[in-house]
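S.K.: Sharing a model prediction with you, sequence too.
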Amino acid sequence: MNYKNPPEIRWYKSHGEQYHAKFMLHNNNGEESTLILGSSNFTRRNLKDLNLETDLIVKSNSDSEEMIAMNEYYNRLWNNEDGIYTLDYEEEREDSVMKTILYRIQERLGLSTF
């Protein structure tokens with residue numbers, strides 16, 4: 001894919017375990033924020049209702065205690081404040097042709113969970 005402004009991607013630095021927290025925080029206009037959190041993966045398979053998932057949507061002022069706390073949590077991990085939580089994409093980049101082919105087949109058949 002060619003992006004005019006590609007998204008920045010970071011990996012969670014684990015020690016064999018999975019970091020599986022799922023949330024999406026969108027600061028709509030500087031005044032209101034929307035937080036979506038729960039068990040859903042934001043994949044084609046889940047977005048087409050092929051898995052039963054539970055999520056919670058919270059809409060609140062961007063300066064509310066909850067939204068400030070979520071922004072601080074996100075920034076703490078993204079910016080490695082107080083520790084090393086995330087790694088640059090290149091540090092864990094996967095270039096396996098076989099894994100790419102397997103992913104493409106699973107995605108095409110609707111079998112992919114990622």
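M.R.: Received, thanks. Residues are numbered from 1 along each chain as shown.
S.K.: Any regions of this protein where pLDDT drops low?
M.R.: Applying pLDDT under 70 to the chain flags the ranges 1, 113-114.
S.K.: try it again with 90
M.R.: Filtered on pLDDT under 90, the chain yields the residue ranges 1-7, 15-23, 27-30, 38-55, 92-94, 103-104, 106-114.
S.K.: And the helices in it?
M.R.: Counting by DSSP state H, the chain has helices at residues 44-47, 65-78, 97-109.
S.K.: Go ahead and confirm Met24 touches Ile36.
M.R.: Yes: using C-beta atoms under 8 Å, Met24 is in contact with Ile36, at 4.6 Å. Quick note: C-beta positions are derived from backbone N, CA and C, even for glycine.
S.K.: Output stretch 85-104 as CSV - backbone C-alpha positions only.
M.R.: This file holds the C-alpha atoms of stretch 85-104, laid out as CSV (Å, rounded to 0.1, in the frame of the first residue of the first chain):
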residue,chain,number,x,y,z
TYR,A,85,6.7,-0.5,26.6
THR,A,86,6.7,-0.2,22.8
LEU,A,87,9.2,-0.7,20.0
ASP,A,88,9.6,0.9,16.6
TYR,A,89,8.0,-1.1,13.8
GLU,A,90,11.3,-2.0,12.2
GLU,A,91,12.5,-3.8,15.3
GLU,A,92,10.0,-6.6,15.0
ARG,A,93,9.1,-6.3,11.3
GLU,A,94,8.1,-9.7,9.7
ASP,A,95,9.2,-10.2,6.1
SER,A,96,8.2,-13.9,5.8
VAL,A,97,6.7,-14.6,2.3
MET,A,98,5.0,-17.8,3.6
LYS,A,99,3.3,-15.9,6.5
THR,A,100,2.2,-13.2,4.0
ILE,A,101,0.7,-15.8,1.7
LEU,A,102,-1.0,-17.6,4.6
TYR,A,103,-2.5,-14.3,5.8
ARG,A,104,-3.8,-13.4,2.3
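S.K.: Fine, thanks again, bye for now.
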